[in-house]
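**Q** The amino acid sequence is not available; the structure is as follows:
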């Protein structure tokens, strides 16, 4: 009976210490090891930044597609392209308008001295117009892809960062077992809970980032294809206009 008293005292102390430990999310963060706490802070920051990118990117793609619909309706309404250009060149820029303006600017510079008659000069003008629009598309898509690298990075690294915090926390828990000579789960439960919380934060940051990256990559690719299709259609209109010069005006009016 005398030997059991110290064991009972240790068990009672362990139980009291476990009961005093705060197992809420805030408590797990506050009571965590400094290394684990740093991992948690990094993951929380990454998650917040990811959601900021997600909200901004979703709003941007929705707005650009809506404006593209409006512009394409105007473009295919039959209105002369020079009038459309004069109306939109001072508007708030977006990729579709920028692509159209780049093509029209190159076109107007090419015909400033008159519409070229020689086939070689016409071919050169076509190439310059197409190149100007392609450069504009590349620049606009690059700007639209800002933030995507961050989403991809968080999606691929956040689980491993959380896992590092988990391994470090579990290592500290086993160190506590060795120091206390007590194999009770109550001794290591707080440390393990903190460690697993780091893994959970890693998944919370990574899952939305991966899903958003896939969704937005698809959306940006579709929008890029839309710009490319518009560029091809616009170039075809200008090409037909050049071809019509020898036989007299016909087709869509450009200037």
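**A** Happy to help now that I have it. All of these numbers come straight from a predicted model, not from anything done at the bench.
**Q** Residue 230 and residue 99: what is the separation?
**A** Distance, residue 230 to residue 99, by C-beta to C-beta, to the nearest Å: 7 Å. Heads up, the C-betas are built off the backbone N, CA and C, glycines and all.
**Q** neighbour-wise, which of these two wins?
**A** Comparing residue 230 with residue 99 by other C-beta atoms under 10 Å, the one with more neighbours is residue 99, at 24 against 21.
**Q** That one against residue 133, yeah?
**A** Yes. Between residue 99 and residue 133 there is a contact at 5.2 Å, judged by C-beta atoms under 8 Å.
**Q** what do those two both touch?
**A** 231, 234 (C-beta atoms under 8 Å, 6 or more residues apart in numbering).
**Q** Now do the helices in the stretch 51-200 of the chain.
**A** 81-88, 95-110, 119-144, 148-180, 185-243 (DSSP state H, counting those that start in this stretch).
**Q** Mean pLDDT and distance to residue 70 for these - can I get that in JSON lines?
**A** Shown next, in JSON lines, are the helices of the stretch 51-200 of the chain (pLDDT from 0 to 100; distance: least, C-beta to C-beta, whole Å):
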{"stretch": "helix 81-88", "mean pLDDT": "84", "distance to residue 70": "10"}
{"stretch": "helix 95-110", "mean pLDDT": "90", "distance to residue 70": "9"}
{"stretch": "helix 119-144", "mean pLDDT": "90", "distance to residue 70": "17"}
{"stretch": "helix 148-180", "mean pLDDT": "86", "distance to residue 70": "26"}
{"stretch": "helix 185-243", "mean pLDDT": "87", "distance to residue 70": "13"}
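**Q** tell me the most buried of those?
**A** Comparing the helices of the stretch 51-200 of the chain by mean neighbour count (mean count of other C-beta atoms under 10 Å), helix 95-110 comes out on top with a mean of 21.
**Q** Other residues contacting it?
**A** Contacts of helix 95-110 from elsewhere in the structure, counted by C-beta under 8 Å, 6+ apart, are 64, 67-68, 71-72, 75, 81-82, 84-85, 88-89, 91, 93, 116, 125, 128-133, 135-137, 139-141, 144, 223, 226-227, 230-231, 234-235, 238, 254-255.
**Q** I figured residue 72 hits residue 233, correct?
**A** No. Between residue 72 and residue 233 there is no contact under C-beta under 8 Å: 9.5 Å.
**Q** Good, wrapping up.
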